[in-house]
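Enquirer: coordinates for the following, if possible.
(one chain, ligands or ions: 2)
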Amino acid sequence: MNNFTFYSPTCFVFGRETENQAGSLVRRFGGTRVLIHYGGGSALRSGLIDRVRASLEGEGISSVLLGGVQPNPRSGLVYSGIDLCRSEGIDFILAVGGGSVIDSAKAIAAGTVYDGDFWDFYCGKRIEKALPVGTVLTISAAGSEGSPDSVITKEEGMFKRGASGDAVRPRFSVLNPALTETLPPHQTAAGITDIMAHLYERYLTNTAEVEVTDRLIEALLLTMIHEGPRVIADPHNYDARANIMWAGMMAHNNSCGVGRSQDWNSHNIEHELSALYDCAHGAGLAVTMPAVFSYVMEHDVMRFAQAAVRVWGCSMDFRHPEVTARAGIEAFRNFLVSIGMPKNFEELGAKEEDIPALVHALCWGNGRQGSISGFVTLNEEDCGKIYRMMV
Ligand code: NZQ
Ligand code: ZN
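Expert: Residues are numbered from 1 along each chain as shown. Ligands and ions are numbered 1, 2, ... in the order given. Below is the predicted model of the structure:
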């Protein structure tokens with residue numbers, strides 16, 4: 001196991017009706033004038049924004065609304081949010097929504113207290129300072145409610161890139177699984193896929209002797225395999241949603257990733273798809289992961305075989321472990337299809353003729369130097385082959 005520091009200071013408040021504690025939580029973490037940031041309208045329609053606002057008012061805390069965050073959030077609204085926070089004297093940002101809203105809130109939080117262009121953070125500069133952020137989560141997926149990360153798409157060039165820093169880890173996150181019951185099935189399934197992707201990105205490691213995190217990841221993957229179909233069959237299954245919601249947080253606050261190298265090639269390859277086609281990030285991952293895994297399998301066949309046996313219930317073929325490894329990848333692909341995820345470019349809405357542009361943006365866009373690195377290093381040729389495997 002590698003040396004590590006683990007810092008996860010977020011206060012999680014979990015359960016039914018916990019959104020009504022938003023006001024007291026903002027007060028506890030020092031907010032006096034709040035920007036409530038939300039998305040395209042689901043949180044307004046469900047009455048959630050009204051309930052959150054009432055909770056703030058109950059504590060004598062004033063607020064300003066900024067909605068309109070779209071999935072795969074854009075830089076334009078971040079600039080508007082920064083201006084608004086400065087002109088309104090905002091000292092706390094409350095994100096009410098999913099990963100897109102939370103990531104936009106984190107970008108605004110970092111940009112408001114920074115003299116330069118907030119995009120600097122998405123070109124590799126670490127976020128050291130930000131306004132405090134809290135969240136009321138409405139979809140189990142990105143894990144942004146417990147992560148130090150934010151992913152934004154810059155409109156000029158449509159580059160989708162990540163920034164990171166402990167300063168934007170949420171001070172608190174309110175997790176009420178019942179709020180996710182209004183999700184359309186496609187979004188629920190995309191969220192399940194993203195959670196599983198966060199687990200696999202950590203499972204694909206080059207670090208030896210990481211039994212505790214291997215076993216944690218396997219447990220969470222097994223949970224998703226159990227609860228995913230239950231929630232797809234019955235969207236009002238609170239208990240299944242509760243298990244998925246907490247798994248989504250644990251999958252990405254890095255409790256399962258400490259002390260080990262991680263992959264993230266699937267995420268980087270997918271980000272070009274959701275940047276270009278505006279598909280749900282999880283749907284893009286469903287098409288991306290089986291292709292990436294098949295392509296890199298030879299690098300460490302036993303790692304894939306281990307997942308196949310422990311997670312997917314495959315039997316170990318000791319003479320031909322690659323057969324076991326392949327069976328595990330196939331079982332994962334079948335699972336994703338069974339919950340309604342796309343399996344190829346066509347079902348995702350992607351086009352084969354765009355592959356050269358996707359590869360170029362992936363390997364050279366926004367300062368990259370011709371390749372991406374994780375479990376293995378992938379150059380332009382590798383990435384082109386992987387995209388072609390998805391057709
Ligand atoms: O905008 P509204 O109207 O709210 O609709 C949203 C949106 O259309 C809808 N939705 C959310 N909660 C709902 C709901 N509809 C009905 N009822 C509810 N309770 O769902 C749609 C998707 O929302 P979004 O926030 O985009 O989903 P998600 O949480 O999957 O976030 C995706 C973004 O997170 C990034 C992705 O790249 C993508 O941009 N990621 C962020 C990470 C991080 N910060 O740590 C890590 C992830 O790997 C990921 O890359
Ligand atoms: Zn993800």
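Enquirer: quick one: pLDDT of the spatially most central residue of the chain?
Expert: The centroid of the chain falls nearest to Ala142 when counting by C-alpha atoms, centre = their mean (2.4 Å). According to the predicted model, the pLDDT of Ala142 comes to 97.
Enquirer: dump the residue contacts of His267.
Expert: Ala197, Glu201, Leu285 (C-beta atoms under 8 Å, 6 or more residues apart in numbering). For glycine as for every other residue, the C-beta is placed from the backbone atoms N, C-alpha and C.
Enquirer: what is the burial count for the first one?
Expert: Other residues near Ala197 number 25, with proximity taken as other C-beta atoms under 10 Å.
Enquirer: that one: what secondary structure?
Expert: helix (DSSP: H, G, I helix; E, B strand; the rest coil).
Enquirer: leaving out the residues flanking it, which one is nearest to it?
Expert: In space, and not counting its chain neighbours, Ala197 is closest to Leu285: 4.5 Å by C-beta to C-beta, 6 or more residues apart in numbering.
Enquirer: the one you found - that's part of a strand, no?
Expert: No - checked against three-state DSSP, Leu285 lies outside a strand; its state is helix.
Enquirer: and the gap between it and Met245?
Expert: Distance, Leu285 to Met245, by C-beta to C-beta, to the nearest Å: 19 Å.
Enquirer: more neighbours: which of these two?
Expert: Using other C-beta under 10 Å as the criterion, Leu285 and Met245 rank with Leu285 on top: 29 against 25.
Enquirer: that one and Asn268 touch, don't they?
Expert: No - using C-beta atoms under 8 Å, Leu285 is not in contact with Asn268, being 11.1 Å away.
Enquirer: where exactly do the strands run in the stretch 151-300 of the chain?
Expert: With DSSP state E, counting those that start in this stretch as the criterion, the stretch 151-300 of the chain has strands at 159-164, 172-175.
Enquirer: and the residue of the stretch 201-350 of the chain closest to ligand 1?
Expert: The nearest approach of the stretch 201-350 of the chain to ligand 1 comes at His281, 3.8 Å away (C-beta to the nearest ligand atom).
Enquirer: show me what whichever strand or helix holds Arg51 is packed against.
Expert: Assigned by DSSP states H and E, Arg51 belongs to helix 48-58. Contacts defined by 3 or more C-beta pairs under 8 Å, 6 or more residues apart in numbering; DSSP states H and E place helix 48-58 against helix 22-28, strand 33-38, strand 62-66, strand 92-97.
Enquirer: how close does the residue nearest to the residue of the stretch 201-350 of the chain closest to ligand 1 when sequence neighbours are not counted sit to Ala251?
Expert: Excluding the flanking residues, the one nearest His281 by C-beta to C-beta, 6+ apart is Ser274, at 5.0 Å. In this view, Ser274 and Ala251 are 19 Å apart by C-beta to C-beta.
Enquirer: who has more neighbours out of the two?
Expert: Neighbours per residue (other C-beta under 10 Å) separate Ser274 from Ala251, with Ala251 holding more: 32 against 21.
Enquirer: what separates the more buried one from Leu276, distance-wise?
Expert: Taking C-beta to C-beta, one finds Ala251 at 26 Å from Leu276.
Enquirer: repeat that for Ala167.
Expert: Counting by C-beta to C-beta - Ala167 and Leu276 are separated by 30 Å.
Enquirer: equivalent analysis for Met316, please.
Expert: Met316 sits 40 Å away from Leu276, going by C-beta to C-beta.
Enquirer: over to Arg16?
Expert: Going from Arg16 to Leu276 by C-beta to C-beta gives 39 Å.
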